[in-house]
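# Structure for the following, please:
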Amino acid sequence: MKKKSLGLNALLNSLQSLLNLIFPLITFPYISRTLSVDGVGKYNFANSIVSYFILLAGLGISNYAVREGAKLRNDREAISSFASRVFTINMISTIVSYVFLIIIVVLTPNLHHYTIAIFIFSIQIFFTTIGTDWVYTIFEEYGYITVRNIVFKVLSIILLFIFVRHPGDYLNYVAITVFASTGSYILNFFHAKNYCDIKFDFNFNWKEYLIPILIIFGSRVAIQIYLSSDVTMLGFLKNEYVVGIYSTATKIYGIAGAILTAATAVTIPRLAMLMGQSRIEEYNKLLKQVLNVMLLIILPGIAGLFMVSKDVILILAGDKYLRATYALRITCFAMLGSAMSGIFNQCALIPAKREKKTLISSTTSALLNIGLNFILIPIIAERGAALTTVLAEFTMMFMNFYFSRDITGFVFKDKETWKNIITVLLGCGGIVVVCALSYSIFQQMFVRLVVSVICSVIVYGLILLVTKNQVALIFLSKLKQK
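Next comes the predicted model:
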């Protein structure tokens, strides 16, 4: 297989994440004002219910497939056999997921009001399975993924402005959301033949596949619980209005997190391949780069989002959602825990086949999140849900680091890494000062936000260069070469 450029893949994945940022920036202000807080709450509550069944259908297949498939991608016959077996398991889990979804909806009276929305959302379960996104991750085909997403995002934006015009049109929004994802999955299924031949295959050692898949699935269930349980529990313990407020904060948090982690996400299949092939020296070098780059991006992102959160809420959602500011300021700190935990998990524990350790850390975090939700949501509503998310993310981060310390610990024993962290924190201080000054000088909200962002980037970059941050210096030297 032709070797993919990590730099190009990082650029393409960042472009895709930028697209994923632009799409909500166009649609979210429109939707939040058109559907109202209650409409947004209905949409997100129904979506949170279906997310559990998408998870059940997916099992731990995607993570397992990337880890094992990365080692086979240069052998078409081997990767085709592997992909067929994984796909067969996935189709069976999809059928099981639909059965459980129907039973839950029928037996839960509180869900009857959301039945139509839930079943429209559930179309994603089948198409996610046939979409086999893991094939494209294995082969690092970020160019195809980016082009595919652009096409369907543009189509869905057009449909949104045509069919969602009134507060009662939230079901149309649900259908358009499903179209935006399922259309690309149909293309995926037919395009996958360029990389491997997928067919049903029941004649293999199921135990060899199911044990690691189910262990990874257990971890993903726990992670999904503390990602989605906040919205679900707010729906049951509070009301649609609070769900709408909290969902606004988490939507912005999710957009920012996706953008900030895009450049490093592409290294996951490469790191899995290097560890699988026992190329440890190359693995360590790349892992150190990934962790340093992640910290350089995530920490200023948190500082900036915290400072401009009120203006971001007002511009994207309007003054009806201003209450979401507090939840957003709390939740933005979870980005650090989520990003670092993801690296320890996806880049170290999963490639090293330590799924059981991931299961322990994710289950502990999920139980902590649920327990605290029962205590804090009745008292401080969406702010309680935001606080539990932060605590759960950091718990998982520390536990994943502990379980992977023999693999990842060398990075944090390195003096250069700590020097980089100190320079990044100084840069974050510069961002806080810039945003505070901008807020006191400029009265016009949009101007204030634009000035804050541009000046923060400039000041942050200058501080990194003056303090001789190694990552920034390497990046600058590469720019000069080009």
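# List the buried residues for the helix or strand hosting Q289?
Element membership for Q289, per DSSP states H and E: helix 280-316. Using 16 or more other C-beta atoms under 10 Å as the test for burial, helix 280-316 gives 283, 286-314, 316. Every C-beta, even on glycine, is put in place using the N, C-alpha and C of the backbone.
# how close does the closest residue to T417 other than its chain neighbours sit to M340?
In space, and not counting its chain neighbours, T417 is closest to V411: 5.5 Å by C-beta to C-beta, 6 or more residues apart in numbering. Per C-beta to C-beta, to the nearest Å, V411 is found 11 Å from M340.
# higher neighbour count, the two?
Under the criterion of other C-beta atoms under 10 Å, the comparison of V411 against M340 puts M340 first, with 22 against 19.
# Quickly note the distance from the more buried one to I255.
Separation of M340 from I255 (C-beta to C-beta) stands at 19 Å.
# Same check on S219?
S219 sits 25 Å away from I255, going by C-beta to C-beta.
# Which residue of those two possesses the greater neighbour count?
A direct count of neighbours by other C-beta under 10 Å for S219 and I255 places S219 higher, at 26 against 21.
# by contact count, what packs against the host helix or strand of the more buried one?
Following DSSP H and E, the helix or strand that holds S219 is helix 206-237. The helices and strands touching helix 206-237, judged by 3 or more C-beta pairs under 8 Å, 6 or more residues apart in numbering; DSSP states H and E, are helix 6-58, helix 61-69, helix 76-107, helix 240-265, helix 355-403.
# Any chance of the ones you listed in CSV with distance to W206 and mean pLDDT as columns?
Shown next, in CSV, are the helices and strands packed on helix 206-237 (distance: least, C-beta to C-beta, whole Å; pLDDT from 0 to 100):
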stretch, distance to W206, mean pLDDT
helix 6-58, 18, 73
helix 61-69, 13, 83
helix 76-107, 8, 93
helix 240-265, 31, 73
helix 355-403, 17, 89
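# N149: which of these is closest?
Among the helices and strands packed on helix 206-237, helix 6-58 comes nearest to N149, with 5.7 Å by C-beta to C-beta.
# on that earlier part again, what is the helix or strand following the helix holding Q289 packed up against?
Using DSSP H and E, the helix or strand that follows helix 280-316 in sequence is helix 324-331. Under the contact criterion of 3+ C-beta pairs under 8 Å, 6+ apart, helix 324-331 touches helix 240-265, helix 280-316, helix 355-403.
# Could I get the average pLDDT for helix 324-331?
Across helix 324-331, the average pLDDT comes to 90.
# Any buried residues in the host helix or strand of K419, and which?
Assigned by DSSP H and E, K419 falls within helix 415-441. Neighbour-count burial for helix 415-441, counted by 16+ other C-beta under 10 Å, picks out 417, 420-421, 423-424, 427-428, 430-431, 434-435, 438-439.
# Report the separation between L391 and T232.
Taken as C-beta to C-beta, the span from L391 to T232 is 18 Å.
# quick one: contacts for the spatially closest residue to I215 that is not a sequence neighbour?
Leaving out its chain neighbours, the residue that sits closest to I215 by C-beta to C-beta, 6+ apart is E355, at 3.9 Å. Shown in contact with E355 (C-beta atoms under 8 Å, 6 or more residues apart in numbering): 60, 212, 215-216, 219, 349.
# Look up how far A175 lies from E355.
36 Å.
# again with C332
Distance of C332 to A175, computed by C-beta to C-beta: 31 Å.
# do the same with K71
For K71 relative to A175 (C-beta to C-beta), the value is 40 Å.
# Identify the residues contacting stretch 157-166?
Contacts with stretch 157-166, where a contact means C-beta under 8 Å, 6+ apart, come from 23, 26-27, 30-31, 34-35, 169-170, 172-173, 175-176, 179.
# For that stretch, C-alpha coordinates in CSV please.
The C-alpha trace of stretch 157-166 is given here as CSV (Å, rounded to 0.1, in the frame of the first residue of the first chain):
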residue,chain,number,x,y,z
ILE,A,157,-27.8,22.6,4.5
ILE,A,158,-29.9,23.2,1.4
LEU,A,159,-32.6,20.8,2.7
LEU,A,160,-32.5,22.4,6.1
PHE,A,161,-33.4,25.8,4.9
ILE,A,162,-36.1,24.4,2.7
PHE,A,163,-37.9,22.1,5.1
VAL,A,164,-37.2,23.5,8.6
ARG,A,165,-39.0,26.8,9.0
HIS,A,166,-41.3,26.5,12.0
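# Model confidence at the nearest residue to I216 once chain neighbours are set aside, what's the number?
Of all residues not flanking I216 in the chain, G60 sits nearest, at 2.6 Å (C-beta to C-beta, 6+ apart). We have a pLDDT of 76 for G60.
# Next up, the contacts around G60.
212-220, 355.
# Could you rerun that using 7 Å?
213-217, 219-220 (C-beta atoms under 7 Å, 6 or more residues apart in numbering).
# do L187 as well
Here L187 is in contact with R148 (C-beta under 7 Å, 6+ apart).
# any idea which element it lies in?
helix 170-191.
# per the record, what domains does this structure have?
For the chain, the structural domains run 6-413, 414-482, going by automatic domain parsing.
# most packed of those domains?
domain 6-413 (a mean of 19; mean count of other C-beta atoms under 10 Å).
# If I look at the nearest residue to Y64 once chain neighbours are set aside, what pLDDT would I see?
Once flanking residues are discounted, Y64 sits nearest to I213: 5.0 Å by C-beta to C-beta, 6+ apart. If you check I213, the pLDDT there is 87.
# surely I213 meets L59?
Yes: in this structure, I213 is within contact of L59 by C-beta atoms under 7 Å, at 5.3 Å.
# what is the orientation angle of the host helix or strand of I145 with helix 170-191?
Here I145 sits within helix 142-163, counting by DSSP H and E. Comparing the axes of helix 142-163 and helix 170-191 via axes from the mean of the first three to the mean of the last three C-alpha atoms, to 10 degrees yields an angle of 150 degrees.
# which residues touch I302?
Here I302 is in contact with 332-333, 335-336 (C-beta under 7 Å, 6+ apart).
# how near is it to I138?
I302 is 32 Å from I138, by C-beta to C-beta.
# check contacts around I26.
Contacts for I26 were tallied using C-beta under 7 Å, 6+ apart; they are I157.
# Now with 10 Å, please.
Listed by C-beta atoms under 10 Å, 6 or more residues apart in numbering, the contact partners of I26 are 153, 157, 160-161.
# ok, the residues you listed vs N239, which is closest?
Closest approach between these and N239, by C-beta to C-beta: L160, at 25.9 Å.
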